[in-house]
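# Could you look at this predicted model? Sequence included:
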Amino acid sequence: MKKDILVTGVQPTGPMHIGNYVGTVRNLVNLQNAFRGRCLVFVADYHSLSEDYDPKKKQEQVLMLAAELLAAGLDPKKVTLYVQSDVPEVTELAWIFNTLTPISFLERMTQFKDKAERQRSNINVGLFDYPVLQAADILLPKATTVPVGADQVQHVELSRDVARFFNRKYGETFPEPKALLTETPRVMSLADPSKKMSKSVPGSFISICDSPEEIKKKMRSAVTDVGPKEEGMIPPFANGRMSPGVTNLMTLLREFGTSEDARRVEAAYRDGSIRYVDLKDLIAARIAEHFVDFRKKRASLLKNPAKVRSVLKRGGSRVRTMTRATMTEVRKKTGLR
């Protein structure tokens, strides 16, 4: 078990939202204590270049994400935290993997279609080739485990395919990593509960660094049912099921509220006796309470950026020590040396 290596990355695209926290970050904080091996977590700045962004803000976003991961509970003594571009060997390995990966394998990646739909004016090769770079992220440190939600299993399977392609052609080199499925609820957009919460859609998300006032304002605008507007009451179940909007609100209440909150609200929902504004304000208050310590730690870290950069520098140095050996092996086997 000591040889097991876990790898995952998070893109620096602005303040972390509650969907990121529930779906990824909270699980990483738990894994750093439970995983019997080495945990590597990287700020995926190379990946973030494939989306629309302002270059002048990228370094600020990298620093902010690192500070937020630390404030959320990642411990540098238990996790190696680093910036993807501080390990440039990953792009070299990605190119080698490109020469082995069939286009047909990339064409069936569902996330490319989703991302291309969100940025129709910038459908670049990076969006299409994203899974190959992700395979390099995973295989370069010879990771054995990748924590993912169900929507990312396809990418881990491609990494396994790429490892097999390389091993068959050049000799046994890379382990075939396994997906560690995480049971996480899907936090949906506040503006359109049929879609996942996303920073690319204004009004759809709540940042975990938002003030209580900002959280309350955003929650008040969340889509719910179409009910009796003059009374502001929540209508009873439609055909025994909650609408997508109210289902999303209940998900948030279960994640951030108490069991008593959920029991009381579900009972009130059934008899139609609770108002939209009451439900939204309760959720807003619980979310704000949950992240009190986080906001304080985040503010402290951002006032001391040298401390955050030091953590990233140490992490990058450790990972490069690991990956240099891998690339020396790869270059020899591929005939580059």
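Okay, I see it.
# can we go C-alpha only for contacts and neighbour counts from here?
Fine.
# most residues in a single helix of the chain, which one?
helix 305-334 (DSSP state H).
# which parts of it are buried?
Judged by neighbour count using 16 or more other C-alpha atoms under 10 Å, the buried positions of helix 305-334 are 308-309, 311-312, 315-316, 319-320, 323, 326-327, 330, 333.
# go on, stretch 94-109?
Using 16+ other C-alpha under 10 Å as the test for burial, stretch 94-109 gives 94, 96, 97, 98, 100, 101, 106, 109.
# Show the subsequent helix or strand relative to the helix or strand hosting the third one.
In this case it means residue 97. For residue 97, the host element (DSSP states H and E) is helix 89-98. For helix 89-98, the following helix or strand on the C-terminal side (DSSP H and E) is helix 103-107.
# who does that following helix touch, helix- and strand-wise?
helix 125-139 (3 or more C-alpha pairs under 8 Å, 6 or more residues apart in numbering; DSSP states H and E).
# pLDDT below threshold where in the stretch 151-300 of the chain?
Flagging of the stretch 151-300 of the chain using pLDDT under 70 yields the residue ranges 225-241.
# Show me the helices in it, by range?
153-170, 212-220, 244-256, 259-271, 276-290, 292-302 (DSSP state H, counting those that start in this stretch).
# Can you say which of those helices is nearest to residue 25?
Nearest to residue 25 among these is helix 292-302; the distance by C-alpha to C-alpha comes to 12.4 Å.
# returning to that earlier point: tell me the helices and strands packed up against the helix holding residue 97.
Using 3+ C-alpha pairs under 8 Å, 6+ apart: helix 89-98 touches helix 125-139, helix 305-334.
# What strand or helix carries the closest residue to residue 78 other than its chain neighbours?
Counting by C-alpha to C-alpha, 6 or more residues apart in numbering, residue 78 lies nearest to residue 32, which is 6.0 Å off, once chain neighbours are set aside. Per DSSP H and E: residue 32 is located in helix 26-34.
# Tell me how far that helix lies from the chain's centre.
The chain centroid and the centroid of helix 26-34 are separated by 14 Å, computed with C-alpha atoms, centre = their mean, to the nearest Å.
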